[in-house]
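sequence-free structure coming up:
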DNA sequence: GCCATCATCTTTACGATGTCAAGATGTGTT
DNA sequence: AACACATCTTGACATCGTAAAGATGATGGC
C-alpha cells in the first residue's frame, strides 16, 4: 500500500525529501543515498523511478519551479493593472530568490544544462516563468496602447528578463541584498521606462 | 627544482591543470585526484597547498576571473570615449560567457558562496569586474557632465550590472544566444538610455 | 483460485572521490 | 653537519553513484 511503498508514492516522496535536504543543508548534501535513507528505502530503490541522479535532480528542479511559479502567478493576479503586474512580478521574482538563494544556485547553477528550461531554444513556450512574463508584458502593451514590432517586443522582453534575473543573480551571488528595502525605488524604474 | 616540484610551482600547476580539465570536460570532471595525477603527483599532494578542494576551486575561479578581467580591460581601453567604453565593456562581458558558458556556471553556479567575490558586502571594492564597471561609469558621467546623487549612482550601477550579468546568465542558461548578432541592436539601448 | 509477468525494492559489489594520519624526502638555516 | 620545516607519498576510511542479480509484491489472463 502507500504505507510501505511498493506501488506507493515513492517517486514523489523522493522529490519531497530532496527538497527538504536542500532546505536544511544545501545542494552539496543532496545524495541519492541520503534521499533513499530518509524515505526508509534501500539506496538503489530510486533507480526504479529515475535512471540517474540527474533525473531526480531535474524532477526536484521542476518541483521548485512550480513553487516559484505559484508566487509569480499570485503577484501578477493580485495586481490591479498590467503595469503594476509587470513590476510586481519582477519584485516577486527577485524576492523569491533573495529569500532562498540556495534555490537560485540549485536551479540555475548546475553544469547539466538545466534541462528543465530549454527544449532546444523553445524556452519561449516552455519555461513557465518566461511565458508568464511574456503574457504580462503583452497585456501591458495593450493596456498602454503601445504598438511595437515583433523585434522590438523580443528585445524588450529579453531586457526585462535579463534585468530581473540579473538582479536576482547578483543578490544571490554577491550577498548584496539581504533586506529588500531598495526594491521599491528600483523596480518601477528598472522595468518601466 | 622546478622540474620535479618540491619547492617548485606545484600550486600554480594545479590551478592551470584545473582550468584545462574544465575546458576539456567541464567542472563535473574536476577532481582533486585527477588534477594531482595530471601533475604527476600523489593524490594527497595538493593538501600541502590547499586545505580543501574548495580552496583549489576558489583559486581556479580567481584565475579565470583574471582572464575575464583582461578581456574587459582591453574592451574598455580600446574605446575612444567613456560612453563607447561602457557599451563595449557590456558587450565584452556577455561575449566572454557566451563563448564559454561553462565558465559562467563555474564562476557563479557553485554552492559555496563564491568567496572570490564577496568579502562581506565589500564587493564594490573587491570584485574587479565591478570596480572596472564603476570606474567606467563614473568617467561616463563626467564625460557627459551628468550630475547624480550617490544613491542614484548606486542604483544605476546596480541596474547596469544586473542587465549585463542577467543577459550573460540567460544566454548561458537557456542556450538562447549562440551567435552574437543581436548585441549591436540591444547593447547601447540596454546600457545607455 | 492459480500462475505468469512485470514493476518495485533489496542485497551485494565495484570504482571514484575527498580527506586524514603517518611517514618519507628534499630545502633552507644556523 | 644537524635541525626545522615545507613538501610529497603511502595507506586507509567513509561516502558516493551505479550496475547486476535476486527477492517481493501487485496485476491480469486463464
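Ah, there it is. Predicted model, so just to flag it, every value in this text is computed and none were measured.

how about the helices in chain A?
With DSSP state H, the ranges of helices along chain A come out as A:10-25, A:32-38, A:53-77, A:82-99, A:101-108, A:123-126, A:128-143, A:150-174, A:183-191.

Among those, which comes closest to chain B?
The minimum distance between chain B and the helices of chain A falls on helix A:150-174, with 2.4 Å, by C-beta to the nearest C-beta. C-beta here means a position set from N, CA and C on the backbone, and glycine is covered the same way.

ok, back up a step: quick one: which of the helices of chain A is nearest residue B:97?
Among these, the nearest to residue B:97 by C-beta to C-beta is helix A:150-174 (11.9 Å).

is the closest one up against chain B anywhere?
Yes: residues of helix A:150-174 contacting chain B under C-beta under 8 Å from any C-beta of the partner chain: A:155, A:158-159, A:161-167, A:169-170, A:173-174.

what's the angle between that helix and helix B:150-174?
Interaxial angle, helix A:150-174 versus helix B:150-174 (axes from the mean of the first three to the mean of the last three C-alpha atoms, to 10 degrees): 100 degrees.

For helix A:150-174, what is the distance to the chain centroid?
Its chain's average C-alpha position is 14 Å from that of helix A:150-174, according to C-alpha atoms, centre = their mean, to the nearest Å.

try stretch A:137-150
For stretch A:137-150, the separation from the chain centroid amounts to 25 Å (computed by C-alpha atoms, centre = their mean).

next one: stretch A:103-110
In terms of C-alpha atoms, centre = their mean, the centre of stretch A:103-110 is set 9 Å apart from its chain centre.

Quick check: buried residues in that stretch?
In terms of neighbour count (16 or more other C-beta atoms under 10 Å in any protein chain shown), stretch A:103-110 has its buried residues at A:103, A:104, A:105, A:106, A:107, A:108, A:109, A:110.

From these, pick the one nearest DNA strand C.
residue A:110 (16.3 Å; C-beta to the nearest atom of the strand).

Would you check that the closest one makes contact with residue B:105?
Yes: using C-beta atoms under 8 Å, residue A:110 is in contact with residue B:105, at 7.1 Å.

In JSON lines, list the residues of helix A:150-174 next to chain B along with distance to residue B:38 and neighbour count.
Shown next, in JSON lines, are the residues of helix A:150-174 next to chain B (distance: C-beta to C-beta, whole Å; neighbours: other C-beta atoms under 10 Å in any protein chain shown):
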{"residue": "A:155", "distance to residue B:38": "44", "neighbour count": "17"}
{"residue": "A:158", "distance to residue B:38": "40", "neighbour count": "20"}
{"residue": "A:159", "distance to residue B:38": "43", "neighbour count": "19"}
{"residue": "A:161", "distance to residue B:38": "40", "neighbour count": "25"}
{"residue": "A:162", "distance to residue B:38": "38", "neighbour count": "24"}
{"residue": "A:163", "distance to residue B:38": "41", "neighbour count": "25"}
{"residue": "A:164", "distance to residue B:38": "41", "neighbour count": "26"}
{"residue": "A:165", "distance to residue B:38": "36", "neighbour count": "28"}
{"residue": "A:166", "distance to residue B:38": "36", "neighbour count": "25"}
{"residue": "A:167", "distance to residue B:38": "39", "neighbour count": "29"}
{"residue": "A:169", "distance to residue B:38": "32", "neighbour count": "27"}
{"residue": "A:170", "distance to residue B:38": "34", "neighbour count": "23"}
{"residue": "A:173", "distance to residue B:38": "29", "neighbour count": "24"}
{"residue": "A:174", "distance to residue B:38": "32", "neighbour count": "22"}
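
Fine by me, we can end here.
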